[in-house]
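In: Would you be able to build a 3D model of this:
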Amino acid sequence: METLHLPFGNHHTTFQGGATGLFVSSRCLDSLAKSQQARASFNRKIMQFDTSLSLPNASEIIKGQVIKMYLPRGLENATLSQGEDQMEDQKTLQVIQDEPKLPPALLRNVCFYTPPPDGSKPTYITLDMKKDGVRNYPHHEANIIIRDIRGREEDFTLNTHGFRAMADSSVSTIDFSNKQEVEAVYVPKVEKLLLDHLEGAFKVVVFDTTIRRAAKSELLHRPVRKIHIDQSVRGAYLRANQSLSIEDARKVEAGELRFRIVNVWKPLNGPVVDHPLMFADSTTVREEDLVAVEQRYPHYVGETYAVKYNQATEFWFWSSMSTFELVLLQCYDSLEQVDALGLKKRTRCAHGSFNLSGSEEETFTRSSVELRCLVLG
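Out: Modelled structure (predicted):
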């Protein structure tokens, strides 16, 4: 018999039964998200929960913001006994004797920003476009939960969450090793895709095409492990001035045109079994966790965001992506969205990649294509 203690401040609940697995959901009740203060109070309870959760011999434990506790089938005699103290909110814990209905989740090490040791401005310099650049700031790894959107693709939108999963069956015959074919065939397809699916869009300018391979190579970029956003606010306008016509750039600068920067990412081999793309729910990313990093290239100076670790940030990935699937990542939107609290916020997707297996002996098989696009309207 196993015993699981779930402390909530001075309150506690005890589960007794022959459980072989515990799955905990990550979503707060709407009633707990009415104010930032209420949400912060709830998160503090969860952090206490995270540090004390234990279930010997469990097949898997996922720590997170608790709403429901799922128990395996066959535990007809399982009991949930409450301690002498009453819980502050009975709705914060529900027990369901059934198989978990939650998306699978992984606990993996992910790279986050650390300030330069000498206190200087964070900078990334690339002198040779065929090689990796040099940065003056380190990264540190944090163990985080990464959840799977497979089966829940329709729950996430570009305007709200900063990413969107889509089917794509139109490019299976393209030779992506042929730059001319990519420019002549794939780029127009991506432009049409964005025009068809982004509300109000009337013009798309593709300003970068990158092929990435997990294998170490000086000629082809490797997957980026650190969590980042491709453009800061300043970087987005620098890119617009660099890539748009003089007239369009003027309208963007004057605020007369909505403009977005959207990345279109797809695997070139599949299913993806190593270094998958991971992306953060924009509604959980705080402005104070974004750090502007100057990017210097031989032909261009831009600015990106590095991202600090924050326990409240929710990360997702799309398991076993095939060559018939792609992900849209919104790096910038000049139009601010209004969140559930009535606050204006820009939707932008922090993203990176991670070691899917979690083992020290990594495999290196993934290859992908990513187009960066300016979208007007």
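In: Specify the beta-bridge partners of Ile211.
Out: On the basis of DSSP bridges, Ile211 is bridged to Val369.
In: That one touches Ser367, doesn't it?
Out: Yes. With contact taken as C-beta atoms under 8 Å, Ile211 and Ser367 are classed as touching, separated by 6.9 Å. In short, each C-beta sits where N, CA and C put it, glycine included.
In: Tell me the spacing between Ser120 and Val293.
Out: The gap separating Ser120 from Val293 is 12 Å, by C-beta to C-beta, to the nearest Å.
In: more neighbours, those two?
Out: Here Ser120 and Val293 are compared on neighbour count by other C-beta atoms under 10 Å; more neighbours surround Val293, at 22 against 10.
In: any idea which element that one lies in?
Out: For Val293, the element it lies in under DSSP states H and E is strand 290-296.
In: for that strand, packing partners?
Out: The criterion is 3 or more C-beta pairs under 8 Å, 6 or more residues apart in numbering; DSSP states H and E, and the helices and strands that strand 290-296 contacts are strand 123-125, helix 233-243, strand 301-307.
In: what's the span of stretch 113-126 from first residue to last?
Out: Start to finish, the residues bounding stretch 113-126 are 19 Å apart (C-alpha to C-alpha, to the nearest Å).
In: How about stretch 337-351?
Out: Across stretch 337-351, the straight-line distance between its terminal residues is 20 Å, by C-alpha to C-alpha.
In: Would you mind listing the buried residues in it?
Out: Neighbour-count burial for stretch 337-351, counted by 16 or more other C-beta atoms under 10 Å, picks out 346-351.
In: do stretch 353-373 as well
Out: Along stretch 353-373, the positions that meet the burial threshold by neighbour count (16+ other C-beta under 10 Å) are 353-356, 366-373.
In: Quick one: those residues as TSV, columns for secondary structure and distance to Leu107 too.
Out: What follows is the buried residues of stretch 353-373, written out as TSV (DSSP: H, G, I helix; E, B strand; the rest coil; distance: C-beta to C-beta, whole Å):
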residue	secondary structure	distance to Leu107
Ser353	strand	16
Phe354	coil	11
Asn355	coil	12
Leu356	coil	12
Arg366	coil	21
Ser367	strand	26
Ser368	strand	24
Val369	strand	29
Glu370	strand	27
Leu371	strand	32
Arg372	strand	31
Cys373	strand	33
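In: Pick out whichever of these sits closest to Ile144.
Out: Phe354 (8.9 Å; C-beta to C-beta).
In: What score does that closest one have for pLDDT?
Out: Looking at Phe354, its pLDDT is 94.
In: what about the residue lying closest to Arg372 once chain neighbours are set aside, is that helix, strand or coil?
Out: With sequence-adjacent residues excluded and distances taken as C-beta to C-beta, 6 or more residues apart in numbering, Arg372 is closest to Asp208, at 4.1 Å. Assigned state for Asp208: strand (three-state reduction, DSSP: H, G, I helix; E, B strand; the rest coil).
In: Can you give me the distance of Asp208 to Cys373?
Out: Distance of Asp208 to Cys373, given as C-beta to C-beta: 9 Å.
In: repeat for Thr157
Out: Between Thr157 and Cys373 the distance, using C-beta to C-beta, works out to 18 Å.
In: repeat for Glu288
Out: Separation of Glu288 from Cys373 (C-beta to C-beta) stands at 28 Å.
In: Same check on Ser120?
Out: Spatial separation of Ser120 from Cys373 under the definition C-beta to C-beta is 33 Å.
In: same thing with Cys111?
Out: 26 Å.
In: Surely the residue nearest to Arg372 and Cys331 touch.
Out: No. Taking C-beta under 8 Å as the contact criterion, Asp208 and Cys331 are not neighbours in contact, 11.4 Å apart.
In: Which of the two has more residues huddled nearby?
Out: Taking Asp208 and Cys331 together and counting by other C-beta under 10 Å, Cys331 has the greater number of neighbours (26 against 12).
In: In three-state terms, label the nearest residue to Thr157 once chain neighbours are set aside for me.
Out: Closest residue in space to Thr157, ignoring its immediate chain neighbours: Arg164 at 6.1 Å, by C-beta to C-beta, 6+ apart. Using three-state DSSP, the structure places Arg164 in strand.
In: And Glu288, how far from Ser359?
Out: When C-beta to C-beta is applied, the distance between Glu288 and Ser359 equals 34 Å.
In: An error on my part: the question was meant for Val134.
Out: From Val134 to Ser359 the distance is 29 Å (C-beta to C-beta).
In: With Ser353 instead?
Out: Counting by C-beta to C-beta, the gap from Ser353 to Ser359 is 16 Å.
In: swap in Glu153?
Out: The gap separating Glu153 from Ser359 is 28 Å, by C-beta to C-beta.
In: related to what we said a few turns ago, my guess is the residue nearest to Thr157 contacts Phe156, does it?
Out: Yes. With contact defined as C-beta under 8 Å, Arg164 counts as touching Phe156 (6.3 Å).
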